[in-house]
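Engineer: show me the folded form of this:
(4 chains)
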There are 2 protein chains.
Amino acid sequence: MTVWSLSFLTMPTETFFNLPAEKRDMICQAAIAEFAAHSFEQASINRIVANAGIAKGSFYQYFANKEDIFLYLLQLSGQAKLAYLEPILRNSGEYDFFALLRDLYVSGIQFAEKHPEYAEIGKKLMKSKGTPIYAAVMNASMPTADEFFVLLLENAIRRKEVRADIDVAMFAHLIAAMNALVIEYYCEHSASTHDGTMLATVERFIDFLKYGLAAPAA
Amino acid sequence: MTVWSLSFLTMPTETFFNLPAEKRDMICQAAIAEFAAHSFEQASINRIVANAGIAKGSFYQYFANKEDIFLYLLQLSGQAKLAYLEPILRNSGEYDFFALLRDLYVSGIQFAEKHPEYAEIGKKLMKSKGTPIYAAVMNASMPTADEFFVLLLENAIRRKEVRADIDVAMFAHLIAAMNALVIEYYCEHSASTHDGTMLATVERFIDFLKYGLAAPAA
DNA sequence: ATATCATATGACTCGCTGGTCACATGACTG
DNA sequence: CAGTCATGTGACCAGCGAGTCATATGATAT
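Structural biologist: The predicted structure follows:
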């Protein structure tokens, strides 16, 4: 659910952008596949250049180092994700909290289905809290999903859509994390499925968030 | 919340158990610290032997390889955790679902506070789904927390404590994952705290699981 | 004194890593 | 033709990893 800002603290070189689009794509595709398959530390520049079909020296004419290309890919990913979220965010005033949440979840799943590699990279990043690269990413002024949900929750409490006695920071964290969990679960347990099933899954999940697990009094 | 079984598919050598307990402890402590600080792949046998004050060759007289010592530590961790969970599990028939859940969460937090290194190793392992070591661990017949919560949920539904229209597998997964999230959140956001606060945090969280986030009708 | 045995050791192999650099290629200029 | 500039290249470097092995130590038994 994180929405990356377009920070330009690090960037590919001019040389990279002078490249024919075809070649640039080969490099990006190879790098995306590599970072989707391996953590930042485990990812190998050697494999990226091999799969991209370029020389290692060339790679270092395009990117300063491994971190540079990784942050660039996160930027691309953020832009792609923003395209999915933008319509919802634009009209966010019109929704009640749970409806908004539902649409955010649905968009999140759609994004993950359309861009599984980006989703995988994001997932791996979220799991790497505490590593140097995670700190570097946060340093690059990437706003967190937690912060976003804090705002949403505070708003919902003000509108009396959500009970006021919750620990907002903790539930923002939980909601953000559950977003990832639900997407992951959904993607793993329904390879062949149509949107109807997906919407139903999300609806039932949102219903749980709203009313809980307890059986209604008989 | 996972309860490790005591599988003996791999084990330290007899030589290891002939060692004076003091030396064995040094090695385990060094290894625990290493695997708590780094993922399985990133963890370094060189650092372990350096911190344990033994020669590398000696290490390989005690353990077959990196995986061997890792699985052994998971076994130790599982035994330690079982000690916390056993009293609850023994009387599990007497609780209602949400009370049982609460006690499981509390015990989980207490375990994490008493054995932060073990908790960290478990956390890192759960985050490494998809890697070879994760597969190896699952192969070593470690029962998952998911499976455990499936049983609990099915039971609770039969007793009409939990609504029957949920996707049991998915919520088992969510509850297991949220367990880890809540423990992590609690440990990070309350360095100086007494049990009263902790119990209150868990109670409010269980209350959310029970009744949801929606504000009660005014 | 000698043989046997469990244990201890660290230099070594081999493979892979991120990153560098001297040089090659080829297009465009005067 | 030579000069210049952007781009391409892969051998190379230093470092670190897991795992091996010939050798050393020292205790016990004979």
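Engineer: only C-alpha atoms from now on, for both contacts and neighbour counts.
Structural biologist: Noted.
Engineer: quick check: residues of chain A near DNA strand C?
Structural biologist: A:41-47, A:56-58, A:60, A:64-67 (CA under 7 Å from any atom of the strand).
Engineer: just the buried ones from those?
Structural biologist: Buried by 16 or more other CA atoms under 10 Å in any protein chain shown: A:43-45, A:66-67, out of these.
Engineer: and which of the residues you listed is nearest to residue B:32?
Structural biologist: residue A:43 (25.2 Å; CA to CA).
Engineer: contacts only, for the closest one.
Structural biologist: Residues in contact with residue A:43 (CA atoms under 8 Å, 6 or more residues apart in numbering or on different chains) are A:34-35, A:37.
Engineer: and which of those is nearest residue B:82?
Structural biologist: Within the set of the contacts of residue A:43, residue A:37 lies nearest residue B:82; the separation is 34.2 Å, counting by CA to CA.
Engineer: number of nearby residues for that closest one?
Structural biologist: 17 (other CA atoms under 10 Å in any protein chain shown).
Engineer: swap in residue A:190?
Structural biologist: Taking other CA under 10 Å as the criterion, the count of residues near residue A:190 is 11.
Engineer: do residue A:139 as well
Structural biologist: Residues near residue A:139, counting by other CA under 10 Å, number 11.
Engineer: what's in contact with the helix-or-strand element of chain A with minimal mean pLDDT?
Structural biologist: Ranking every helix and strand in chain A by mean pLDDT, DSSP states H and E puts helix A:195-211 at the bottom, with a mean of 88. Residues external to helix A:195-211 that are found in contact with it (CA under 8 Å, 6+ apart): A:98, A:101-102, A:105-106, A:186, B:166, B:209-214.
Engineer: quick one: buried residues of that helix?
Structural biologist: For helix A:195-211, burial by neighbour count (16+ other CA under 10 Å) applies to A:198-199, A:201-211.
Engineer: pick out the most distant pair among these.
Structural biologist: Among those, A:198 and A:211 lie farthest apart (CA to CA), at 20.0 Å.
Engineer: for the residue nearest to residue A:39 when sequence neighbours are not counted, give its distance to residue A:187.
Structural biologist: Spatial nearest neighbour of residue A:39, chain neighbours left out: residue A:124 (6.3 Å); criterion: CA to CA, 6 or more residues apart in numbering or on different chains. For residue A:124, the distance to residue A:187 equals 15 Å [CA to CA, to the nearest Å].
Engineer: now do stretch A:162-181: distance to the chain's middle.
Structural biologist: 17 Å (CA atoms, centre = their mean, to the nearest Å).
Engineer: what's the answer for stretch A:201-210, then?
Structural biologist: 21 Å.
Engineer: ok, and does the helix ranked longest in chain A reach over to DNA strand D?
Structural biologist: Longest helix in chain A by number of residues (criterion: DSSP state H): helix A:66-90. No. On the criterion CA under 7 Å from any atom of the strand, helix A:66-90 is out of touch with DNA strand D, staying 14.9 Å away.
Engineer: quick one: name the residues of chain A near chain B.
Structural biologist: Contact residues (CA under 8 Å from any CA of the partner chain) of chain A with chain B: A:127, A:160-164, A:166, A:170, A:174, A:178, A:181-182, A:185, A:204, A:208-216.
Engineer: ok, and the closest non-adjacent residue to residue A:33?
Structural biologist: residue A:117 (6.7 Å).
Engineer: quick one: contacts for that neighbour?
Structural biologist: Residues near residue A:117 by CA under 8 Å, 6+ apart: A:32-33, A:36.
Engineer: try 10 Å this time
Structural biologist: A:29, A:32-37, A:77, A:123 (CA atoms under 10 Å, 6 or more residues apart in numbering or on different chains).
Engineer: just the buried ones from those residues, in PyMOL syntax?
Structural biologist: Restricted to buried positions by 16+ other CA under 10 Å, the PyMOL selection for these reads:
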select buried, chain A and resi 29+32+33+34+35+36+37+77+123
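Engineer: from the contacts of residue A:117, which two are the most distant?
Structural biologist: Spatial extent of the contacts of residue A:117 (CA to CA) is set by the pair A:29 and A:123 at 17.8 Å.
Engineer: look up how far DNA strand C lies from the residue nearest to residue A:39.
Structural biologist: In this view, residue A:124 and DNA strand C are 16 Å apart by CA to the nearest atom of the strand, to the nearest Å.
Engineer: I figured that residue hits residue A:41, correct?
Structural biologist: No. If you go by CA atoms under 10 Å, residue A:124 and residue A:41 don't touch, sitting 11.0 Å apart.
Engineer: between the two, what contacts are shared?
Structural biologist: Between them, residue A:124 and residue A:41 share the contacting residues residue A:35, judged by CA under 10 Å, 6+ apart.
Engineer: what's whichever residue of chain A sits closest to DNA strand D in contact with, if anything?
Structural biologist: Minimum separation of chain A from DNA strand D (CA to the nearest atom of the strand) falls at residue A:57, amounting to 2.7 Å. Applying CA under 10 Å, 6+ apart to residue A:57 gives the contacts residue A:49.
Engineer: how far does the helix or strand where it lies sit from its chain's centre?
Structural biologist: Applying DSSP states H and E as the criterion places residue A:57 in helix A:56-62. How far helix A:56-62 lies from its chain's middle: 28 Å, per CA atoms, centre = their mean.
Engineer: sorry, back to before: list the buried residues for the longest helix of chain A?
Structural biologist: Buried, per 16+ other CA under 10 Å, within helix A:66-90: A:66-78, A:80-82, A:84-85, A:88.
Engineer: could you point out which element follows that helix?
Structural biologist: Next element after helix A:66-90 (DSSP H and E): helix A:97-114.
Engineer: let me know the angle separating that following helix from helix A:66-90.
Structural biologist: 140 degrees (axes from the mean of the first three to the mean of the last three CA atoms, to 10 degrees).
Engineer: any low-confidence regions in chain A?
Structural biologist: Within chain A, the stretches with pLDDT under 70 are A:1-10, A:191-196, A:218.
Engineer: at 90 what do you get?
Structural biologist: Within chain A, the ranges that satisfy pLDDT under 90 run A:1-11, A:89, A:91-95, A:139-145, A:179, A:182-201, A:215-218.
Engineer: who in it is up against DNA strand D?
Structural biologist: So chain A meets DNA strand D at A:14-15, A:18-19, A:54-59, A:61 (CA under 7 Å from any atom of the strand).
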